[in-house]
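[1] Show me how the following folds:
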Amino acid sequence: MWCRHAGPGRVPGGGRHGDAARGAPLTACPPPTANNICFYGECSYYCSTEHALCGKPDQIEGSLAAFLPDLSLAKRKTWRNPWRRSYHKRKKAEWEVDPDYCEEVKQTPPYDSSHRILDVMDMTIFDFLMGNMDRHHYETFEKFGNKTFIIHLDNGRGFGKYSHDELSILVPLQQCCRIRRSTYLRLQLLAKEEHKLSLLMAESLRGDRVAPVLYQPHLEALDRRLRVVLQAVRDCVEKDGLHSVVEDDLSPEHRASARR
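    Numbers count the residues shown, from 1 in each chain. Below is the predicted model:
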């Protein structure tokens, strides 16, 4: 087995079969018994020959969707996710041991005076639906300051185990009990039989070069996890009341203040 170190910009765009043997120097990759070629990425965690992705023998099926302006035109800022994991076998993160952790987060900039905490709730739901446990950082555009939005990059750990719903991903929502009204209404719509999330996702992916992209069990997991999210919101509403939980971002007053 041989490994290639794939730095930034080496991943092909769109859904396709990529050639793992093109463009990067070879490195011995244990164990040296399989007659295939692997590669590993460039990152802070788990990017090494021990965590390589392997081809059959040199072809890997994958998908990438990114349309961002060059950094020279629009600089991005990287933020540490308050609910990041410890990445340590014997050490838990603070949010795992403190049920009131969200109150501490809400007193810390930029979460104390902007809509960022609601952005994180949207990101939390997004990650739970696809089972992504690896949201250690997120990015925003620098130019817009705290009036920016989260860029949903780096979702490579999503759609791994369709039979397992990782409830710890949903902890930010359960601790903060906040959600946008627009998000809540959309989730309720996607739970209806005539607008099921799984059906809409399948239709969206049908034209991809490597369709179906997601196997049916992954699509069914989306519907199942959506029900879990809605139940979590209902639990929050029962505990704290509708107006405390659901932020009415659709009201004229809210839209006017957001433009200022």
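[2] only C-alpha atoms for contact and neighbour calcs from this point on.
    Will do.
[3] What sits closest to Y162 if chain neighbours are left out?
    In space, and not counting its chain neighbours, Y162 is closest to H218: 5.0 Å by Cα to Cα, 6 or more residues apart in numbering.
[4] do the same with R178
    Once flanking residues are discounted, R178 sits nearest to V245: 4.6 Å by Cα to Cα, 6+ apart.
[5] Read off the pLDDT value for the one you found.
    On pLDDT, V245 comes in at 98.
[6] Could you report the separation of it from R234?
    9 Å (Cα to Cα, to the nearest Å).
[7] Between those two, which has more neighbouring residues?
    Higher neighbour count among V245 and R234: V245, with 20 against 16, using other Cα atoms under 10 Å.
[8] residues touching the more buried one, list them.
    For V245, the contacting residues are 177-179, 233, 236-237, by Cα atoms under 8 Å, 6 or more residues apart in numbering.
[9] Just the ones in strands from the residues you listed, please.
    Assigned to strands by DSSP state E, the following of these qualify: I179.
[10] Turn the contacts of V245 into a markdown table, columns for distance to P57.
    What follows is these, written out as a markdown table (distance: Cα to Cα, whole Å):
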| residue | distance to P57 |
| --- | --- |
| C177 | 48 |
| R178 | 47 |
| I179 | 46 |
| V233 | 46 |
| C236 | 50 |
| V237 | 52 |
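[11] Tell me the one of the contacts of V245 nearest E94?
    C177 (18.0 Å; Cα to Cα).
[12] What's the per-residue pLDDT of the closest one here?
    pLDDT, read off for C177, is 98.
[13] Please enumerate the helices of the chain.
    Assigned by DSSP state H, the chain shows helices spanning 94-97, 101-105, 116-130, 171-176, 181-190, 197-205, 216-240, 242-245, 252-259.
[14] which parts of the second one are buried?
    Right, helix 101-105. Neighbour counts over helix 101-105 (16 or more other Cα atoms under 10 Å) mark 101-102, 105 as buried.
[15] Give me the distance between the two termini of stretch 40-52.
    This stretch, stretch 40-52, spans 5 Å end to end (Cα to Cα).
[16] mean confidence score for it?
    For stretch 40-52, the mean pLDDT works out to 77.
[17] list the buried ones in it?
    Neighbour-count burial for stretch 40-52 flags 40-41, 48-49, 52 (criterion: 16+ other Cα under 10 Å).
[18] roughly how far is that stretch from the heart of the chain?
    Relative to the chain's own centre, stretch 40-52 is displaced by 19 Å; criterion: Cα atoms, centre = their mean, to the nearest Å.
[19] likewise stretch 188-205?
    The answer for stretch 188-205 is 19 Å, by Cα atoms, centre = their mean.
[20] And for it, what's in contact with it?
    With Cα under 8 Å, 6+ apart, stretch 188-205 has contacts from 211-214, 219-220, 222-223, 226-227, 230.
[21] List the buried residues in it.
    For stretch 188-205, the neighbour count (16+ other Cα under 10 Å) marks 190-191, 196-199, 202 as buried.
[22] Quick one: end-to-end length of that stretch, please.
    Using Cα to Cα, the span of stretch 188-205 from its first residue to its last is 22 Å.
[23] what pLDDT, on average, does it get?
    Rounded mean pLDDT across stretch 188-205 is 96.
[24] Could you do stretch 129-143 as well?
    Here the average pLDDT along stretch 129-143 is 94.
[25] who's in contact with the residue nearest to S86 when sequence neighbours are not counted?
    Closest residue in space to S86, ignoring its immediate chain neighbours: A93 at 5.0 Å, by Cα to Cα, 6+ apart. Taking Cα under 8 Å, 6+ apart, we find A93 in contact with 83-86.
[26] C177 too?
    Applying Cα under 8 Å, 6+ apart to C177 gives the contacts 233, 236-237, 245.
[27] likewise N81?
    N81 neighbours (Cα under 8 Å, 6+ apart): 135-138.
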